[in-house]
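In: A structural model of the following input is requested.
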Amino acid sequence: MLSRILNLFKGHPSEPLPETDARLALGALMVRVAKSDDDYKVRDISRIDALLARMNGIGPVDAAKMRATCEKIEAEAPSTRKFALLIRETVSFEARIEALEALWQVMLADGAPSDGEMAIVAQVCEALGLSKADCEDAQSRAAPL
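Out: Got it, this is the predicted structure:
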């Protein structure tokens, strides 16, 4: 599973990712956003775990394990723009909208978004092929868990 995602990063996108792999890639994007303000702490980790649990219908232990895998993927992922473009090619529009909303929830985990977080989300939104209106809608739907 992890090797399929890493091969995607190396330019071998043979086919769309299975849903499980796509969810891991989207989780890795959440980790990247959370780390972008150089303040990746318990609040961010807890929010990501809660989002992964909710989005994947899993319990807290499995969500924590999934996040740990997402952290490994994020560390190997290319630039944020390239990473998001690869995700765009492998997941549905609905999954990209869901991911954008989750990114906003991650950004809001520790209060107001930082400039770094805002820049990454704007970059991700564009690379995912989503409009500014999509981004604003996702932001308005993002609520504390």
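In: which residues are in contact with the closest residue to residue 73 other than its chain neighbours?
Out: Among residues not flanking residue 73 along the chain, residue 28 sits closest, at 3.9 Å (C-beta to C-beta, 6 or more residues apart in numbering). Using the backbone N, CA and C atoms, a C-beta is placed for each residue, glycine as well. Taking C-beta atoms under 8 Å, 6 or more residues apart in numbering as the criterion, residue 28 is in contact with 5, 70, 71, 73, 74, 77, 83.
In: if I look at residue 28, how far off is residue 48?
Out: 10 Å (C-beta to C-beta, to the nearest Å).
In: mutual contacts of the two, please.
Out: residue 70.
In: show me where the protein has helices.
Out: Secondary structure of the chain (DSSP state H): helices located at 2-9, 19-35, 42-56, 60-76, 80-90, 93-107, 115-127, 132-141.
In: could you work out the most separated pair of the contacts of residue 28?
Out: Largest separation among the contacts of residue 28 by C-beta to C-beta: 71 and 83, giving 14.0 Å.
In: tell me which of these two has more neighbours.
Out: Between residue 71 and residue 83, residue 83 has the larger neighbour count (other C-beta atoms under 10 Å), namely 23 against 18.
In: so that one makes contact with residue 30?
Out: No. Residue 83 lies out of contact with residue 30 (C-beta atoms under 8 Å); the separation is 11.8 Å.
In: contacts only, for residue 84.
Out: Residue 84 sits next to 29, 123, 124, 127, 128 when contact means C-beta under 8 Å, 6+ apart.
In: now with 7 Å, please.
Out: Residues counted as contacts of residue 84 (C-beta atoms under 7 Å, 6 or more residues apart in numbering) are 29, 124, 127, 128.
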